[in-house]
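K.L.:
with the input below, show me the fold.
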Amino acid sequence: MSPVFLYFYGQINGTMELTIDLTGMKFYACHGVSPQERRVGNDFTVDISYTFAAEAALESDELDDTVDYAGVYGIVKAEMERPSRLLEHVAGRIFHALCAAFPQLTRLRVKLSKLNPPTGGEVHSASVTVEGRQRRE
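P.N.:
Sure, this is the predicted structure:
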């Protein structure tokens, strides 16, 4: 399982925020521009970092008061199982699915890396990163 890191940012406008990082999630998936890439597949890693108000979880010690990283992993896994041509598209789908599932997120960062991409040369990985803040109504 991927390492999980927790960070406390302290008081921000009277609200304490907490960030959880899920790093090095590994998947074998069929994403790529060429038909062969989508047929044969490749190895990918996904790193997720998300921030939310922490007061309830810090006080209650209840899973319902946090953003459960097992649920985050499940959403990432489901999106990685859907083939796409562009890494940008996959990362965007993951970003939007997590925002929809967890409206309490205030910040989210999704990094998707294709290991050993077909470049005609030796490249460890090609990565895309999508990050932003959740819009509040």
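K.L.:
which strands border the lengthiest strand in the chain, and is each parallel or antiparallel?
P.N.:
Using DSSP state E to define each element, the chain has its longest strand at strand 15-29. Strand 15-29 has its sheet partners listed here by DSSP bridges as strand 4-12 (antiparallel), strand 42-53 (antiparallel).
K.L.:
which residue lies farthest from the center of this structure?
P.N.:
Within the chain, the residue lying farthest from the chain centre (Cα atoms, centre = their mean) is Gly120, at 28.3 Å.
K.L.:
helix, strand or coil for it?
P.N.:
coil (DSSP: H, G, I helix; E, B strand; the rest coil).
K.L.:
need the pLDDT of it.
P.N.:
If you check Gly120, the pLDDT there is 89.
K.L.:
still on that earlier bit, pick out the shakiest of the strands paired with strand 15-29, pLDDT-wise.
P.N.:
Within these, the least confident segment by mean pLDDT turns out to be strand 4-12, at a mean of 55.
K.L.:
neighbours of Thr76, how many?
P.N.:
Actually, residue 76 is Val. It isn't Thr. Counted with other Cβ atoms under 10 Å, the neighbours of Val76 add up to 23. (C-beta placed from N, C-alpha, C; glycine too.)
K.L.:
buried sites along the longest strand of the chain?
P.N.:
Glu17, Leu18, Thr19, Ile20, Asp21, Leu22, Met25, Phe27, Ala29 (16 or more other Cβ atoms under 10 Å).
K.L.:
what does stretch 68-88 give?
P.N.:
Counting neighbours by 16+ other Cβ under 10 Å, one finds that the buried residues in stretch 68-88 are Tyr69, Val72, Tyr73, Ile75, Val76, Glu79, Met80, Ser84, Leu87.
K.L.:
of all the buried residues of strand 15-29, which comes closest to Arg39?
P.N.:
Arg39 has its nearest neighbour among the buried residues of strand 15-29 in Ala29, at 12.0 Å by Cβ to Cβ.
K.L.:
any idea how far that closest one lies from Met16?
P.N.:
Relative to Met16, Ala29 is positioned 36 Å away (Cβ to Cβ, to the nearest Å).
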